[in-house]
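Peer 1: Quick one: sequence and predicted model below, then my questions.
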Amino acid sequence: MQEASANPSSIHQAGQHARHVLETARRRTAAWLGCEAKEIVFTGGGTEASNIAILGFARQRPGTHIVTTAIEHPAVLNPCAQLEKEGFAVTYVGVSRDGVVDPDDIRRALRPNTALVSLMHANNEIGTLQPIADVITIAHEVGVAVHCDGVQAAGKVPVNLRALGVDLYNISAHKFYGPKGCGALFVRKGTVLKSVLYGGRHEHGLRPGTENVAAAAGLAKAAELATATDPALRDRFEQQMLALVPDVIINGAGAPRLPNTSNLCFPGIEGEAMVIALDLRGFAVSSGSACSSGAVEPSHVLMAIGLSRKDAKSSIRISLGASNTEADVDALAEALSECASHLRKLSPEYSHAG
Amino acid sequence: MPDNKPIAVAMSGGVDSSAVAGLMKEQGIPIVGLTMQLWNQRRLPELAGESATGRCCSLDDVYDARHVAQHLGIPYYVVNFEERFEEQVVKPFVDEYLAGRTPIPCTLCNNFIKFDQFLELAAGVGAERVATGHYARISQDEITGRWQLRRGRDEGKDQTYFLFGLTQHQLSKTLFPLGHLTKPEVRGLARQMGLPVADKNDSQEICFVPNGDYAAFIDAYFRERGIDRQQTHGEIVDTEGRVLGEHDGVHHFTVGQRKGIRVARSEPLYVIETQPSTQRVVVGHNTDLLRATLTARDVNWVSIAQPPQPIRASVKIRNKHAAAAATLTATNDGVHVRFDEPQRAITPGQAAVFYEGDLVLGGGWIE
């Protein structure tokens, strides 16, 4: 990698070598995603990629309408909110109790001036897979383009962009053990975006600035090493939770989900306390979404699937990784059940009789 | 839960609570650092000035607390108490001002947040006791076993005035490791331990109100909530009821206040009382502020049981007040306090805290 330290835009041989490393990474990433190398733009992460996609697509088409969902990541919701300030209309489509959008709801949200539908491939908090193929078909029938935030899905479920027919799709390297601060945006041939950043002509002018060659190479390598997770481990864990803890609810249980994600609601407990108690025992789980201070705010996703504010705050998310074993999930289930019972004893509102 | 239960240290990012964490860590006590996110400083942006980043619960404070925790190598977490804080502290604070009283949010925060919900959260994560950087001491009566609250050794820093609401249960779960130290000693220890906040400025009195301008805070809070402020507008009258002028909100006035009364008079005028029912602010001379009696409501007897007979005590009627000798009589509707000498500006909404030497007997809210 040291050999690729030169600027890939330079004329000299060291630069040419860096360019070679970068373009190899692009070809490998494209092969992995099922698209052409020219359609891949390397970015400084998933958030940057979805901003370039949504803001770039919309600003090229002023005064249009955008359809998205209530359970998107802030990396999609906030660029949409910005577009509203710029005079665009945005419709936020709701989801079912299980956290899945109904393609017919997307169809009903479309207007004559709708330019873009932005729908996540898999939800980051509850792991539910969205019917992106159906939505793409519906949108394309009326000439509306589709952006998919694939940050949570890529590396966990197979992705073939050509077969999918999507127009814009973004991924983030660290979600499949690649480097942080590196992502990629797929821009289907012929899709015109207005740049949101102004600088040199790197990455088709969509992401100006000297390319992060090492990170791009890391992304490509991590992508090739990513293996589909077996849902058996997650299912084993959830079965144990249902057996060990009274009244536990698996959020999104009725929907197709990512194989590694489990989102559990323990009515009557403070999710934040649960997360800290588990961390002190060596288990890294999460609750809600982390805000800038590190404090937890109730999840907009859980409230969108119909949970009360209280139940949203009583939910925690467990993501299983490639290195986790049956022994790990068994130990986690036991620790969770102990913590839940301890916290419920302290909870004034949780009555077991109820 | 693990056998070696940690103690939760409430870390604000300031020098006092950082020193607590440092001292306990040095003594080999297992601890977990927790910072309560109480108020979102990005709210009410019209109040944000240059001081915005220096205030409590700013990202700077969380950054500092985390820096200290990393320096000490202790587990550390930020917990979100914003909703509870608004419900239990900010709203009552605003309501009290509108009701013509002068509230003490720090006491509400101690009673309902720090030593209640925070204690509960600490128990939830496996810490049965909490330690804070308050300047106060806790002892236990050897005969009765009753927990006692005592003034901190540093008289200038003593915070017992804000802690009179602590119950026996709360005292049994609380540690005040700085109670026997002075502020200069604490700073010295913080420097010795190499804490990155050793020379940080002390925090201001009301953490969520920038520059102490509580009236501007209340106005901004109303605007955010779309509440019409016209209803607080009213007349300024003298003690005979003669109208001297107008004011734009009772919450701009507190008993004993001299500034901000826009009435021309040869001698200085002071606020004697605010009457929320008529929106009137009564002004008069300094001597009109003297009173010898008060009634304290919702009294909490801390270090002693409620006395059946009148007792003698020293009573503080605000934090910076020099405790004055008085006779206390406990009745069904509160504690009647008769001072030996009349006291200036006894203010409804403030606390009356009863002392015997350094022992906090109890306290209640001035009616």
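Peer 2: Nice, I can see it.

Peer 1: So for the worst-scoring helix or strand of chain B on mean pLDDT, what gets flagged as buried?
Peer 2: Across the helices and strands of chain B, mean confidence by mean pLDDT, DSSP states H and E is lowest for helix B:214-225: a mean of 87. Residues of helix B:214-225 classed as buried by neighbour count (16 or more other CB atoms under 10 Å in any protein chain shown): B:Tyr214, B:Ala215, B:Ala216, B:Phe217, B:Ile218, B:Asp219, B:Ala220, B:Tyr221, B:Phe222. Just so you know, the C-beta spots here come from the backbone N, C-alpha and C atoms, and that holds for glycine as well.

Peer 1: Which elements pack onto that helix?
Peer 2: Counting contacts by 3 or more CB pairs under 8 Å, 6 or more residues apart in numbering or on different chains; DSSP states H and E, helix B:214-225 packs against helix B:91-98.

Peer 1: neighbours around B:Glu246, how many?
Peer 2: B:Glu246 is flanked by 13 other residues according to other CB atoms under 10 Å in any protein chain shown.

Peer 1: before we move on, what about B:Phe93?
Peer 2: Look at B:Phe93: counted by other CB under 10 Å, it has 23 neighbours.

Peer 1: so what's it closest to, chain neighbours aside?
Peer 2: Nearest non-adjacent residue to B:Phe93, counting by CB to CB, 6 or more residues apart in numbering or on different chains: B:Pro105, 4.6 Å away.

Peer 1: How about the contacts made by that neighbour?
Peer 2: B:Val89, B:Val90, B:Pro92, B:Phe93, B:Ile206, B:Phe208 (CB atoms under 8 Å, 6 or more residues apart in numbering or on different chains).

Peer 1: from memory the third one sits against B:Leu108, does it?
Peer 2: Yes - under the criterion of CB atoms under 8 Å, B:Pro92 makes contact with B:Leu108 at 5.9 Å.

Peer 1: which of the two has more neighbours?
Peer 2: Taking other CB under 10 Å, B:Pro92 and B:Leu108 do not tie; B:Leu108 has more neighbours (20 against 16).

Peer 1: now the strands: where do they sit in the stretch 251-367 of chain B?
Peer 2: B:270-275, B:280-284, B:290-301, B:311-316, B:324-331, B:334-344, B:351-356, B:359-366 (DSSP state E, counting those that start in this stretch).

Peer 1: so which helix or strand takes in the residue positioned nearest the centre of chain B?
Peer 2: Central residue of chain B (CA atoms, centre = their mean): B:Cys106, 2.5 Å from the mean position. Under the criterion of DSSP states H and E, B:Cys106 resides in helix B:105-109.

Peer 1: so where's chain B shaky on pLDDT?
Peer 2: Of all residues in chain B, those with pLDDT under 70 make up the ranges B:1-3, B:48-57, B:204-205, B:229-231.

Peer 1: Which residues of it lie near chain A?
Peer 2: Residues of chain B lying near chain A by CB under 8 Å from any CB of the partner chain: B:1-2, B:6, B:32, B:34-35, B:37, B:57, B:59, B:62, B:66, B:75, B:77-80, B:82, B:120-121, B:123-126.

Peer 1: what about burial for those, which qualify?
Peer 2: Buried residues within the residues of chain B next to chain A, counting neighbours by 16+ other CB under 10 Å: B:1, B:6, B:32, B:34-35, B:37, B:57, B:62, B:66, B:77-80, B:82, B:120-121, B:123-126.

Peer 1: Select from those every entry located in strands.
Peer 2: When these are checked against strands (DSSP state E), the matches are B:Val32, B:Leu34, B:Thr35, B:Gln37, B:Tyr77, B:Val78, B:Val79, B:Asn80.

Peer 1: Can you show me the strands along the stretch 251-354 of chain A?
Peer 2: Per DSSP E, counting those that start in this stretch, the stretch 251-354 of chain A carries strands over the ranges A:261-265, A:289-290, A:296-297, A:315-319.

Peer 1: What are the boundaries of the strands in chain A?
Peer 2: Ranges of strands in chain A, per DSSP E, are A:40-43, A:65-69, A:89-93, A:114-120, A:145-149, A:168-172, A:183-187, A:249-250, A:261-265, A:289-290, A:296-297, A:315-319.

Peer 1: Would you single out the least confident of those strands?
Peer 2: Mean pLDDT values for the strands of chain A show the minimum at strand A:289-290, a mean of 62.

Peer 1: returning to that earlier point: any chance of the strands of chain A in CSV, plus mean neighbour count and distance to chain B?
Peer 2: Shown next, in CSV, are the strands of chain A (neighbours: other CB atoms under 10 Å in any protein chain shown; distance: least, CB to the nearest CB, whole Å):
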stretch, mean neighbour count, distance to chain B
strand A:40-43, 26, 26
strand A:65-69, 25, 25
strand A:89-93, 17, 23
strand A:114-120, 24, 25
strand A:145-149, 27, 26
strand A:168-172, 29, 24
strand A:183-187, 29, 25
strand A:249-250, 16, 20
strand A:261-265, 25, 16
strand A:289-290, 14, 9
strand A:296-297, 20, 5
strand A:315-319, 23, 13
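
Peer 1: among those, which is nearest B:Val337?
Peer 2: Among the strands of chain A, the nearest to B:Val337 by CB to CB is strand A:296-297 (44.3 Å).
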